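Visitor: Quick one: sequence and predicted model below, then my questions.
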Amino acid sequence: MLRFVLNEAGRLFLGLFGAALMAAAVAALSVPHAADGLAYFLVAWGGRINDLIHLRFGESVISGLPIIAELAARLPLTLGLVIEGVIVAALVGIPIGFLFGAGPARRAAAPLIQIVAAAPVFCAGLVLAYGAASLLHWPVPINGGVSIVLFPQNATQAQAMVLPALTVGLAGAAAVQLALRRSAAEAGQQSWRFYLRRMGLPSWDVERNYVMPQIFAGLLASLGEVMLALLSAAAVAEWVFSCRGAADLFVKSVALHDWSATAAVLFVFAGLTLVAQFVGQCGARLLTSAGPAR
Amino acid sequence: MNPAPPAATGAQSLRTSLRILGWTGLGLIAVAVSLSDFLASAPPDAAAIGPLMLPPTEAFKFGTDILGRDMLSETLHGLSVTLRLAVPAALIALLFGTLFGSVAARTPVMVSLSLRWLLGILAALPALLLAILLIGLTARGWASLAAGLSAAPLGFVRSFDRASLQAHAVHTEYARATGISSATLLRRDLVYEFSGTLSTSAARALAAVTIILSTTSFLGFGAEPPHRDLGLMIAAAKTYYLHAWWTAAFPALTLMILILFARLAAGLDEGERP
């Protein structure tokens, strides 16, 4: 197990190193004349790598604020959305994944799940907003008007926060149930399941002690994919619901060619995904190597 | 001994039926797109065709928007633009993702590991953000290329990992020992891998890039007026769709149908992600 963790930690380190190099390359574009030729770009890239080594992250050309201050102001909202999304994803995605993961329900649900999965996140967000506005008469922060904050102070702010969190959570739930269904389908094809029953083990014991750890290990191994889905959905939800988070900063920074801010958000998002992959792989290994849970 | 052969056969049959349905749907969409100039009653972006913000009626079946544009015609033109952007993007994703991943896994170790590392880092970024970055670095006219390239890393990583197992399998060692050259082996492996799955991979790539393209357009990075795609139409309707649902509902429904048919054609029903 220790060897596996060290191996994965090495991969994580290499991934973070590569992400830092990529972020430095993007940030180099903010240096004047960096786009004039390869030699100019390489010099600018080297300069940015040097800045990164000395923990100098530069300033945003839009706000004039240091990038660290800009990220510190915006990242908590995005992380809050992702965490709330994880909770919704677990509450919705895990039961659905198990319900539709095996047996006749899987075949019956396949077309239905295809229809739901065909909805892009921004369409889901707009549908949620429409439902909240017309059925629940909530204030919908689609075109501004209601500010979205991480810790709501009143009912209006709480209602405004629910919609982006639900949008991110539903995208996460889709990723979670897909990962669960995939691992359930794989576990369902294993012949040892049949042979364990032939050996006299009750079905429930086989499912609880051997199949469930395999299925959850499959979910954990897909944690990186789930994180990608959550971050993508956060970017869309922040745009749809006018949230001032890190993903919104990324979109505006690219539009206004603020490459230092763009690079910082890219590095943070890549880092989050790589860490999720590392945690997921180690967790999956732990589940499958620990033997049957008692 | 197979514990559950009848269920497996039933699932296979359902999967085949859904795949046929998907390809039929995509074929019908392709026909509608090729005839969009004849089927649409108004040219793209033609304003004041009818009253402003008219709900669906007999004359305007999808209603009209805030500029009096016929939503049925606009949706048809939007579908046409979306598909024209998505098809080349899907081919790029297929070429630089699945196919390149398969070839890269069989290159010398240092080259293949370097490529896997580089593409693995890109795959750690949400494809949507990567597409936005690529469009920001180039121009909105390059949206198709950007969407294809941003969808490629994930396809590359999956294809690479699958092909690595294949490249180090026992039969490969035996084949090399009998004197079969690496080039011949690569050609045979590629034919074996893609002969039955090329159409599936293409449909999967089409679903993925359609989502990326429409979302980038929705965020203001994709298609440009007057050639509005479905994402841009929905973005334009965002400010007033709470009072005029039809301005966003019909383009969104059309987009979902396109993605649904592509997903069905790819047979994505076992927890696979496009």
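Guide: Good, I have the coordinates.

Visitor: The residue of chain A found nearest chain B in helix, strand or coil?
Guide: Closest residue of chain A to chain B, Cβ to the nearest Cβ: A:Arg182 (2.8 Å). Backbone N, C-alpha and C define where each C-beta goes, glycine included. The three-state label given to A:Arg182 by DSSP: H, G, I helix; E, B strand; the rest coil is helix.

Visitor: Could you list the low-pLDDT ranges of the chain?
Guide: If you meant another chain, say so; for now it's chain A. The model of chain A has pLDDT under 70 over residues A:101-111, A:143-146, A:290-294.

Visitor: meant chain B, my bad for not saying
Guide: B:1-11, B:268-274.

Visitor: From the centroid of it, which residue is nearest?
Guide: Ranked by distance to the mean C-alpha position of chain B (Cα atoms, centre = their mean), the top residue is B:Leu206 at 2.2 Å.

Visitor: what number of residues lie near A:Ile142?
Guide: 21 (other Cβ atoms under 10 Å in any protein chain shown).

Visitor: Near chain A, which residues of the stretch 151-274 of chain B are found?
Guide: Contacts of the stretch 151-274 of chain B with chain A, taken as Cβ under 8 Å from any Cβ of the partner chain, map to B:207, B:211, B:214-215, B:218-221, B:231, B:234, B:238-239, B:241-242, B:245, B:248, B:252, B:255-257, B:259-260, B:263-264, B:268-273.

Visitor: Mind checking which of these land in helices?
Guide: Secondary structure from DSSP state H places B:207, B:211, B:214-215, B:218, B:231, B:234, B:248, B:252, B:255-257, B:259-260, B:263-264 of these in helices.

Visitor: Next, residue 62: secondary structure please.
Guide: Since you didn't name a chain, this refers to chain A. For A:Ile62, the secondary-structure state derived from three-state DSSP is coil.

Visitor: was after chain B, sorry
Guide: Strictly by three-state DSSP, B:Phe62 counts as coil.

Visitor: so it touches B:Asp70, yeah?
Guide: Yes: the pair B:Phe62 and B:Asp70 passes the contact test of Cβ atoms under 8 Å, sitting 7.4 Å apart.

Visitor: and the residue nearest to the spatial centre of chain A, what does it touch?
Guide: Relative to the mean C-alpha position of chain A, the nearest C-alpha, by Cα atoms, centre = their mean, is the one of A:Met227, at 2.3 Å. By Cβ atoms under 8 Å, 6 or more residues apart in numbering or on different chains, A:Met227 lies in contact with A:Val82, A:Leu272, A:Thr273, A:Ala276, A:Gln277.

Visitor: What strand or helix carries it?
Guide: Under the criterion of DSSP states H and E, A:Met227 resides in helix A:223-240.

Visitor: Can you dump the C-alpha atoms of that helix in CSV for me?
Guide: Only the C-alpha atoms of helix A:223-240 are listed here, as CSV (Å, rounded to 0.1, in the frame of the first residue of the first chain):
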residue,chain,number,x,y,z
LEU,A,223,-13.1,11.1,-8.3
GLY,A,224,-11.0,13.1,-10.7
GLU,A,225,-13.8,12.9,-13.3
VAL,A,226,-16.3,14.0,-10.7
MET,A,227,-14.1,17.0,-9.8
LEU,A,228,-13.8,17.9,-13.5
ALA,A,229,-17.6,17.8,-13.8
LEU,A,230,-18.1,19.9,-10.6
LEU,A,231,-15.5,22.6,-11.7
SER,A,232,-17.0,22.8,-15.2
ALA,A,233,-20.5,23.1,-13.7
ALA,A,234,-19.2,25.8,-11.3
ALA,A,235,-17.9,27.8,-14.2
VAL,A,236,-21.3,27.7,-16.0
ALA,A,237,-23.4,28.2,-12.8
GLU,A,238,-21.3,31.3,-11.9
TRP,A,239,-22.0,32.8,-15.3
VAL,A,240,-25.7,31.9,-15.3
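
Visitor: sorry, back to before: tell me which of the contacts of A:Met227 fall in helices.
Guide: Under the assignment DSSP H, these contribute A:Val82, A:Leu272, A:Thr273, A:Ala276, A:Gln277 to helices.

Visitor: Which of these sits closest to B:Gly22?
Guide: Ranked by distance to B:Gly22 (Cβ to Cβ), those are led by A:Thr273 at 30.1 Å.

Visitor: Now do the closest residue to the closest one other than its chain neighbours: how many residues are near it, please.
Guide: Residue nearest to A:Thr273 in three dimensions, not counting chain neighbours: B:Ala124, with 4.3 Å by Cβ to Cβ, 6 or more residues apart in numbering or on different chains. Applying other Cβ under 10 Å, we find 29 residues neighbouring B:Ala124.

Visitor: Touching, B:Ala124 and A:Ala276? I think so.
Guide: No: using Cβ under 8 Å, B:Ala124 is not in contact with A:Ala276, being 9.2 Å away.

Visitor: what sits in contact with each of these two?
Guide: A:Gly224.

Visitor: all strands for the stretch 151-294 of chain A, in order.
Guide: Counting by DSSP state E, counting those that start in this stretch, the stretch 151-294 of chain A has no strands to list.

Visitor: could you pull out the helices for it?
Guide: For the stretch 151-294 of chain A, applying DSSP state H, counting those that start in this stretch gives helices covering A:155-188, A:191-198, A:203-206, A:212-221, A:223-240, A:246-255, A:259-289.

Visitor: Which of those helices sits closest to A:Leu65?
Guide: Closest approach to A:Leu65 among the helices of the stretch 151-294 of chain A (Cβ to Cβ): helix A:259-289, 9.3 Å.

Visitor: what's the spacing between the closest residue to B:Phe160 other than its chain neighbours and B:Gly27?
Guide: In space, and not counting its chain neighbours, B:Phe160 is closest to B:Gly101: 4.0 Å by Cβ to Cβ, 6+ apart. Distance of B:Gly101 to B:Gly27, computed by Cβ to Cβ, to the nearest Å: 29 Å.

Visitor: Have a look at those two and say which one is more surrounded.
Guide: Each of B:Gly101 and B:Gly27 has its neighbours counted (other Cβ under 10 Å); B:Gly101 has more, 26 against 12.

Visitor: now for the helix or strand that contains that one, which elements pack on it?
Guide: According to DSSP H and E, B:Gly101 maps onto helix B:100-104. Packing partners of helix B:100-104 (3 or more Cβ pairs under 8 Å, 6 or more residues apart in numbering or on different chains; DSSP states H and E): helix B:109-123, helix B:143-167, helix B:182-194.

Visitor: which residues are in contact with it?
Guide: B:111-112, B:115-116, B:119, B:152, B:155-160, B:162-163, B:186, B:189-190, B:193-194.

Visitor: now swap in stretch B:76-84 and tell me
Guide: Residues outside stretch B:76-84 that contact it (Cβ under 8 Å, 6+ apart) are B:29-30, B:32-33, B:36, B:39-40, B:44-45, B:210, B:213-214, B:223, B:227-233, B:251, B:254-255, B:258.

Visitor: Enumerate the positions of it that are buried.
Guide: B:Leu76, B:His77, B:Gly78, B:Leu79, B:Ser80, B:Val81, B:Thr82, B:Leu83 (16 or more other Cβ atoms under 10 Å in any protein chain shown).

Visitor: Residue 48: what's its closest spatial neighbour, skipping adjacent residues?
Guide: Went with chain A since none was named. Using Cβ to Cβ, 6+ apart and skipping the chain neighbours, the partner closest in space to A:Arg48 is A:Ala24 (4.1 Å).

Visitor: that's the wrong chain, I meant chain B
Guide: Looking at B:Ala48 with Cβ to Cβ, 6+ apart, the closest residue is B:Gly68, at 4.4 Å.

Visitor: From B:Ala252, how far off is the one you found?
Guide: Where B:Ala252 is concerned, B:Gly68 sits at a distance of 21 Å (Cβ to Cβ).

Visitor: Those two: which is more packed in?
Guide: B:Ala252 (26 against 17).

Visitor: could you check the angle helix A:246-255 makes with the helix or strand containing A:Ala73?
Guide: Element membership for A:Ala73, per DSSP H and E: helix A:67-99. Counting by axes from the mean of the first three to the mean of the last three Cα atoms, to 10 degrees, helix A:67-99 lies at 120 degrees to helix A:246-255.
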